[in-house]
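**Student:** Output the structure for:
(chains A and B)
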Amino acid sequence: MIHSLFLINNAGDIFLEKHWKSVISRSVCDYFFEAQEKAMEPDNVPPVIRTPHHYLINIYRDKIFFVSVIQTEVPPLFVIEFLHRVAEMFQDYFGDCSEVAIKDNVVIVYELLEEMLDNGFPLATESNILKELIKPPTILRSMVNSITGSSNVGETLPTGQLSTVPWRRAGVKYTNNEAYFDVVEEIDAILDKSGTTVFAEIQGVIDACVKLSGMPDLTLSFMNPRLLDDVSFHPCVRFKRWESERVLSFIPPDGNFRLMSYHVNAQNLVAIPVYVRQNISFFESGSSGRLDITLGPKQTMGKTVECVVVTVHMPKVVLNANLTATQGNYTYDPVTKILVWDIGKLNQQKLPNLKGSLSLQSGAPKPEENPSLNIDLKIQQLAISGLKVNRLDMYGEKYKPFKGVKYVTKVFR
Amino acid sequence: ETNKLYCTSVKCCIFELKAELNSDKKEKKKEAVKKVIASMTVGKDVSALFPDVVNCMQTDNLELKKLVYLYLMNYAKSQPDMAIMAVNTFVKDCEDPNPLIRALAVRTMGCIRVDKITEYLCEPLRKCLKDEDPYVRKTAAVCVAKLHDINAQLVEDQGFLDTLKDLISDSNPMVVANAVAALSEISESHPNCNLLDLNPQSINKLLTALNECTEWGQIFILDCLANYTPRDDRESQSICERVTPRLSHANSAVVLSAVKVLMKFMEMLPKDLDYYGTLLKKLAPPLVTLLSAEPELQYVALRNINLIVQKRPEILKHEMKVFFVKYNDPIYVKLEKLDIMIRLASQANIAQVLAELKEYATEVDVDFVRKAVRAIGRCAIKVEQSAERCVSTLLDLIQTKVNYVVQEAIVVIKDIFRKYPNKYESVIATLCENLDSLDEPEARAAMIWIVGEYAERIDNADELLESFLEGFHDESTQVTTQQNTQVLHKHTQNTPDSDNPDLRDRGYIYWRLLSTDPVAAKEVVLAEKPLISEETDLIEPTLLEELICHIGSLASVYHKPPNAFVEGSRGVQHKRLPARTASGESAESPDAGQSVGGVSDAPPAVIPSQGDLLGDLLNLDLAPPSASVPVVPASMQMGVDLLGGGLDSLIAVGLAGGTGGMPAGLGGTPAMGGGLGDLFDLGGGVGMATGSYVPPKAVWLPAMKAKGLEISGTFARRGGGIHMDLSLTNNAMSIMTDFAIQFNRNSFGLAPAGPLQVLTPLAQNQTIDVSLPLNTNGPIMKMEPLNNLQVAVKNNIDVFYFSCQYPISLLFVEDGKMDRQVFLATWKDIPSENETQYQIKDFHLNSDAASTKLQGSNVFTVAKRTVDAQDLLYQSIKLTNGIWALAELRIQSITPNYMTRLRTRASLSLSASLWVQFAMLYDCGFLEGLDHFVVFP
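**Tutor:** Residues are numbered from 1 along each chain as shown, chains lettered A, B, ... in the order given. Below is the predicted model:
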């Protein structure tokens, strides 16, 4: 199981270490540093590093390397998932997962790590339960504590850990009972020059913020659940009911959590919200080229397309661009060869157009390939897959909660 | 306030903290302990405060208690005597009315790795394992694992393992999960005792707990389930059905563990079952979903998908696009995706794949670009229809003139030429234009190969080769070897008699060869090249099966069996995929044929270079020896005498490269790694057995391939007769009778001299040893390898086929001692082309001992000479078919090396390759425990 954890900053300082079994010398991190040096960029450090006596499994989050040491055969995904959980927990407790925040709260960090693993076995990794065991720091509380001498550690047994709903703490109370669901869809598509879809998929998530008293038992149903064929759920969702009735039935954790994520990749189901007419050509002589791009809304179901940005990776020989945009601004970086056209809102009546000439390095052969266009956009109040929440019902409690659903569509990454 | 916890000066800290820790005020005490913990966390040594901190332990303040516990866990090891002081408090806390305190105490005690304390731990632990509160029980379960780590014997003596096994049936799923986790960890250091005794009842308990426990618990339970082998396809299906929902879990580790269980158990399902198809379909989406997770998770997922794609390509064959590389993927993800793209490439998607690969070849990261270019070459080799497009894509890339792209492209074009000879030579002109830009050894070697290979089609081949020769002395061995061969190559093809003084100056060694024996030279250098195989990096099937059983583990990331690298894993048991057993299948079952069919569907063993060995060796296959290939023992470097002494070092390099290039073909048997020297060592003790060499029994027919019948066996020569010693084991549910055996035609006409004597029916789980006498009167057919024997065994259930290989020493007859004079005459008589030489390194037997040992295997010493501190043994061997072989064994007393020269008559017309085999067999045949010729292709 997980033996030790080292937190290392970008400068290569080990600023925190925690051992769940015997102490392993820091020198084991030298192997990590070696790999880090070889990788050049922090993002490229391989996640699993083999050393003569140990394995180092690491993740890189918020400029911190979380390096765990293992000695026996342990599923690496298990370790990586756990490390992500640690990073999320720091974020959750301290507002951000930075070296400063961790150093400022070093005792709480230590207590948290101790509660999260026992002898390398995960113990309590649900935020709800941890918060019951170790209170998050607040300015108010630390003042009160120092006056009254009370502590950060909960005095009660973490009941959630034993119940069949380990993700929910007991005795939750709110004056305003509310449940919000955000349906966020990211579209990832590749179109060819003629606008035909080469590849398209939608990655969707439903993030929930549930603040309900007691033990509410919720049922969320969709207008068109058949859309979802590839789903992964929060452990609270009863899979049997989903399989038989295609409804999400669950006792929610308290607070923010990701209820489900899904994938729609049947291409006919993926509507592309915009269309592009583009013509980028380079002339045989004269070291120049022309560019003409027009964008228009396509399947937007009456919603406005916002935050539209077009990025073009130009061939290396393109020295500069002299263009006119009917809407928004453009920039061309001759070093990175990236043309960015920030359009903003897409206007149905007056389609935005970017047109003009490109100057090429003289004497260089004309580039063969048409450069590719990346389009970024956002649509509020629409899930592009067409997914719609039908209703949310609550059982088990008597009060009437306030419910809300928000939709948003974005471009993948 | 919090920043104060970080104090810069340790010394002042210790002094101040000591005072604060001993303060009367509870609050001040707590703050002091906090400061101590903070210092400890950042690696400062605060162990000097041990007694003061332990004094704070007796408190009813939970936070203070926790903090002190934290401190104790860290420093108890370095202060064992002090730690004893804490024992009483622990014991007391284990009886506290608050279950939280009880659990905390038992948890902390287990983390104090001090022998003296563990003794005190047993009683409280026993109580906690039976505590009424599940929270305490689940904590105690983990504590057993901790204790086992400190003192395994104690845990066994105290009966904690049994208590832990009982907890698998606990009413609380969390307790079950932790018990499973603890048992799994313990059994890792206990490979032999079956701690997790899985039966249908316990499996049911685990499946129930699976639905209710935490995500981490689910991983433990799934990993444990994967070790179970269902009784039949019905049980297998019902487990699969209950595991499938886990594929939708948000935790990727749960998903991958579930995939492992399903991949393993679906092996048992009949392929025509509807459910089988459903299951296949269900596996794709979760794997695709893993690829939208964080890059680290993607990496592990991709390594596993690589295995899954090899085992069951149908699962992801339509998902090519998800493996397309994104520009912001970390490099380690990009490289893995490329690998899988090549595996999934087929005629249907090749156009798309090529377009992508071409894109990648223009990226910035050099490693990635190189791999992309290689991938294009691999596509050409894999999908024949695409070869032309691949070649033209590669030519486009060469036109970019980006140095490393050009070099990489030339290397892969060489491979394409090898796969499709005489098809694409029109591109050679373009290649030649880029001669000057080649500065990497591999690319230069490839170019030289091409020039030499198509010498007659290149007008100025001489000049080109000469231009390479200018830098001869600076080149790496890889290039020089290739250069020499190709210079020679060209001359044997065109003008063997030409007298080019320039060339002779440079390549005098070759020239000598050419002028002395051009025919032999031509034979050697123009030997048939082995065809390049389609997928050289496929994982060998048995390893793949084992790795499939380890999906999600470190083994799956490294693509090596777990025992190959996990430190301290004391002999991990090899896992195998289960064979298909239909429920209620009996001997008369109508679908009995299916299970055989299911097994034979397994992909055929990959032997990348099937060409004959000598051809392969001399072809100087430039594939660099990959890391996975064990070091080639020096004894394999047979310097062929006819090439003359000057060549030895060059040939040796070539040989090492050549043998390195055919890894999987050797069956991946690690026995190779030992090297002959080791084995000589093993058998080299004084007073060793003088009997003939008998290899250890090997499993020839695994039970899974023969409906429960397992056959292992070996060959022995006893009392002048040949015997096949068999062990038949019945692993099936029914009794086996009516055994019979037959051999296929083979190289030396081996045949059973009588029927297979299995008189009593073979009951379940029974093993019977039979010795089958053989004669050599059977029909003869040359087998590949020479010593291969194909056997059919029949019983009341079915007929089963397997093949095995016998040590050639089996055929050495007792009257093989040649007369001295005859020996001398014959030795001179045999032309030197018929001689093979090879060296045995690190051999510590003196000549007398070696002679005695060899005689045990009917290798007779005819004469012995001592020259220049070398012992020369002259030996003769006679085979059952009357062939004589003569050998000279040269033993150097200074260096522990043997040199063997082996000759037989030209009339034997053994081809060169057979010769080498023969020599190898000779070499191995008399060495005890040496079974590596079995893996010889």
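
**Student:** For the closest residue to B:M82 other than its chain neighbours, what is the enclosing helix or strand?
**Tutor:** Distances taken as Cβ to Cβ, 6 or more residues apart in numbering or on different chains put B:F50 closest to B:M82, at 4.9 Å, once the chain neighbours are dropped. The way it works is simple: take the backbone N, C-alpha and C, and place the C-beta from them, glycine included. Element membership for B:F50 (DSSP states H and E) is helix B:50-55.

**Student:** Which stretches in the stretch 251-400 of chain A count as strands?
**Tutor:** Assigned by DSSP state E, counting those that start in this stretch, the stretch 251-400 of chain A shows strands spanning A:255-264, A:274-282, A:288-297, A:305-313, A:318-325, A:329-333, A:338-344, A:353-360, A:373-380, A:389-395.

**Student:** picking that back up, and the helix holding B:F50, which residues are buried?
**Tutor:** B:50, B:52-54 (16 or more other Cβ atoms under 10 Å in any protein chain shown).

**Student:** which of the residues in the following helix or strand past that helix are buried?
**Tutor:** Where DSSP H and E defines the elements, the next helix or strand beyond helix B:50-55 is helix B:62-75. For helix B:62-75, a neighbour-count test (16+ other Cβ under 10 Å) marks B:62-75 as buried.

**Student:** And for stretch B:275-284?
**Tutor:** Neighbour-count burial for stretch B:275-284 [16+ other Cβ under 10 Å]: B:276, B:279-280, B:282-284.

**Student:** In CSV, list those residues along with pLDDT and distance to chain A.
**Tutor:** Putting the buried residues of stretch B:275-284 into CSV (pLDDT from 0 to 100; distance: Cβ to the nearest Cβ, whole Å) gives the following:
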residue, pLDDT, distance to chain A
B:Y276, 91, 19
B:L279, 92, 15
B:L280, 91, 15
B:K282, 90, 10
B:L283, 92, 11
B:A284, 91, 8
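
**Student:** Of these, which belong to helices?
**Tutor:** B:276, B:279-280, B:282-284 (DSSP state H).

**Student:** Out of the residues you listed, the closest to A:Y407 would be?
**Tutor:** Of all those, B:A284 has the smallest distance to A:Y407: 27.6 Å, by Cβ to Cβ.

**Student:** residues in contact with the closest residue to the closest one other than its chain neighbours?
**Tutor:** Leaving out its chain neighbours, the residue that sits closest to B:A284 by Cβ to Cβ, 6+ apart is B:I315, at 5.5 Å. Residues in contact with B:I315 (Cβ atoms under 8 Å, 6 or more residues apart in numbering or on different chains) are B:280, B:283-284, B:287, B:308-309.

**Student:** circling back to that earlier point, ok, which of the strands of the stretch 251-400 of chain A comes nearest B:P441?
**Tutor:** That would be strand A:305-313 among those, by Cβ to Cβ, at 34.5 Å.

**Student:** can you give me the end-to-end distance of stretch A:393-410?
**Tutor:** One end of stretch A:393-410 sits 28 Å from the other (Cα to Cα, to the nearest Å).

**Student:** how many other residues sit next to A:K135?
**Tutor:** 17 (other Cβ atoms under 10 Å in any protein chain shown).

**Student:** pLDDT at it, what is it?
**Tutor:** As predicted, A:K135 sits at a pLDDT of 79.

**Student:** State the distance from it to chain B.
**Tutor:** 10 Å (Cβ to the nearest Cβ, to the nearest Å).

**Student:** rewinding a little: with distance to chain B, mean neighbour count and mean pLDDT added, can I get the strands of the stretch 251-400 of chain A in CSV?
**Tutor:** Output for the strands of the stretch 251-400 of chain A, formatted as CSV (distance: least, Cβ to the nearest Cβ, whole Å; neighbours: other Cβ atoms under 10 Å in any protein chain shown; pLDDT from 0 to 100):
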stretch, distance to chain B, mean neighbour count, mean pLDDT
strand A:255-264, 6, 20, 87
strand A:274-282, 16, 16, 86
strand A:288-297, 18, 19, 88
strand A:305-313, 9, 19, 90
strand A:318-325, 15, 16, 90
strand A:329-333, 16, 14, 91
strand A:338-344, 12, 19, 92
strand A:353-360, 17, 18, 90
strand A:373-380, 9, 18, 89
strand A:389-395, 19, 14, 91
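
**Student:** Of the ones you listed, which is nearest B:D436?
**Tutor:** strand A:353-360 (28.2 Å).

**Student:** Give the other helices and strands that the closest one contacts.
**Tutor:** With contacts defined as 3 or more Cβ pairs under 8 Å, 6 or more residues apart in numbering or on different chains; DSSP states H and E, the packing partners of strand A:353-360 are strand A:274-282, strand A:288-297, strand A:318-325.

**Student:** so which of those comes closest to B:V791?
**Tutor:** strand A:274-282 (67.7 Å).

**Student:** for the stretch 701-850 of chain B, what are the low-confidence residue spans?
**Tutor:** B:828-845 (pLDDT under 70).

**Student:** ranges for the helices of it?
**Tutor:** B:820-829, B:847-856 (DSSP state H, counting those that start in this stretch).

**Student:** So what's the model's average confidence on the next helix-or-strand element following the last one?
**Tutor:** So the one you mean is helix B:847-856. Later in the chain than helix B:847-856, the nearest helix or strand by DSSP H and E is strand B:860-867. Mean pLDDT, computed over strand B:860-867, is 78.

**Student:** Starting from strand B:860-867, tell me which strands it pairs with and how they run.
**Tutor:** strand B:870-878 (antiparallel) (DSSP bridges).

**Student:** Send me the partner strand as PDB with only the CA atoms.
**Tutor:** Included here for strand B:870-878 are C-alpha records, laid out as PDB according to Å, rounded to 0.1, in the frame of the first residue of the first chain:
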ATOM      1  CA  GLN B 870      45.500 -25.800 -22.300                       C
ATOM      2  CA  ASP B 871      43.900 -29.200 -22.000                       C
ATOM      3  CA  LEU B 872      42.600 -30.500 -25.300                       C
ATOM      4  CA  LEU B 873      40.100 -33.300 -25.200                       C
ATOM      5  CA  TYR B 874      39.200 -35.100 -28.400                       C
ATOM      6  CA  GLN B 875      35.800 -36.700 -28.200                       C
ATOM      7  CA  SER B 876      33.500 -38.700 -30.300                       C
ATOM      8  CA  ILE B 877      29.800 -39.200 -30.400                       C
ATOM      9  CA  LYS B 878      27.700 -41.600 -32.400                       C
END
